[in-house]
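Asker: Generate a structure from the sequence data that follows.
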Amino acid sequence: MRKLSDWFTYAMLLAIIIINVMGRSERERTPTLPPELGPALPKAKPSDPQLIVELDAPSSAVGTAFAIDDKGTWLTARHVVDGCDQVALELGKRKYVKVHVQKVSRNSDTALLISKWKRPPFARDFFTRRRVGERGYFLGFPQGDPGELTGTLLGRHRMTVRGRYKSSEQVLAWVETGRSKGLNGSIGGISGGPAFDKDGEIIGLVTAESPRRGRIYTVTPASLAKIVPRFIAKDDTVKADAFTPQNYHVRANKYRSSRRIAQAICLVKS
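Answerer: As a prediction, this is how the structure comes out:
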């Protein structure tokens with residue numbers, strides 16, 4: 001009887017071990033769910049953190065612009081083209097097309113450009129309420145070279161611009177979480193570049209940075225909705241390509257290669 005009891009005990013222990021191993025293997029095969037997003041982005045408040053930007057006198061510089069329709073309309077940052085004697089888009093090595101600054105916003109860091117160079121626009125979403133912690137992707141020409149970054153939404157800030165001109169507006173603050181390999185320091189030159197959400201839709205435009213704090217600031221979707229003319233209707237046939245932390249480099253290279261995102265050149269006569 002003792003031997004039979006011992007075998008029964010061993011069998012029970014073996015069954016428990018197998019069940020535990022199988023359960024652990026099953027748990028290991030189950031993918032880890034992404035962290036939950038935070039609350040919906042709150043409305044602007046007087047207590048929102050302040051961001052002060054000092055602009056020097058106009059000088060020749062570079063920024064980024066992107067197509068907003070298929071008729072030659074482009075969007076960039078106001079401070080990229082403000083005070084320029086000539087503005088152009090770079091289409092390739094030593095290939096440029098002159099553009100006309102059609103409209104400059106007095107309420108946000110945005111400007112519309114008109115060019116004979118026509119490229120397909122991007123899908124956009126100016127009205128979905130954003131969520132704290134959601135991921136954004138920022139494409140353009142930091143330091144004058146092709147590059148891109150990604151980050152998570154922190155909240156709203158109020159940006160006050162001083163110097164060359166004065167303005168005040170609500171912007172979105174992002175915590176940088178990744179960037180192009182080899183890109184170090186300032187991301188100056190990406191100003192005016194598009195900000196995409198995970199679905200591949202335009203939700204902002206890069207306006208400022210804080211390298212020491214690892215922050216990227218973008219014009220709000222509401223401000224973009226105001227600068228983009230009503231006659232530029234949203235084209236529901238435009239296909240959006242989803243972004244991930246693994247593929248945003250590929251997306252960025254594709255969009256720059258097709259010149260839907262271009263380098264904006266500001267020339268100021270000395």
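Asker: ok, Ala77 - how many residues close by?
Answerer: 25 (other C-beta atoms under 10 Å). C-beta here means a position set from N, CA and C on the backbone, and glycine is covered the same way.
Asker: Got phi/psi on Phe243?
Answerer: Phi and psi for Phe243, reported as degrees, to the nearest 10, are phi -110, psi 140.
Asker: How about Lys226?
Answerer: The phi/psi pair for Lys226 (degrees, to the nearest 10) is phi -80, psi -30.
Asker: Show the contacting residues for it.
Answerer: By C-beta atoms under 8 Å, 6 or more residues apart in numbering, the contact set of Lys226 is Ser105, Asn107, Ser108.
Asker: wait, which of those residues is closest to His249?
Answerer: Ser108 (28.7 Å; C-beta to C-beta).
Asker: Please list all residues in contact with the closest one.
Answerer: Arg78, Ser167, Glu169, Val219, Thr220, Ser223, Leu224, Lys226, Ile227.
Asker: Pretty sure His79 sits in a helix.
Answerer: Yes: under DSSP: H, G, I helix; E, B strand; the rest coil, His79 sits within a helix.
Asker: For Pro42, state which of the contacts of Lys226 is nearest.
Answerer: Ser108 (19.4 Å).
Asker: pull the longest strand from this structure.
Answerer: Identified as the longest strand of the chain according to DSSP state E is strand 147-163.
Asker: buried ones in that one?
Answerer: Under the neighbour-count criterion of 16 or more other C-beta atoms under 10 Å, strand 147-163 has 147-159, 161 buried.
Asker: Quick check: neighbours of it in the sheet, parallel or antiparallel?
Answerer: Using DSSP bridges, strand 147-163 pairs in its sheet with strand 50-55 (parallel), strand 135-140 (antiparallel), strand 167-179 (antiparallel).
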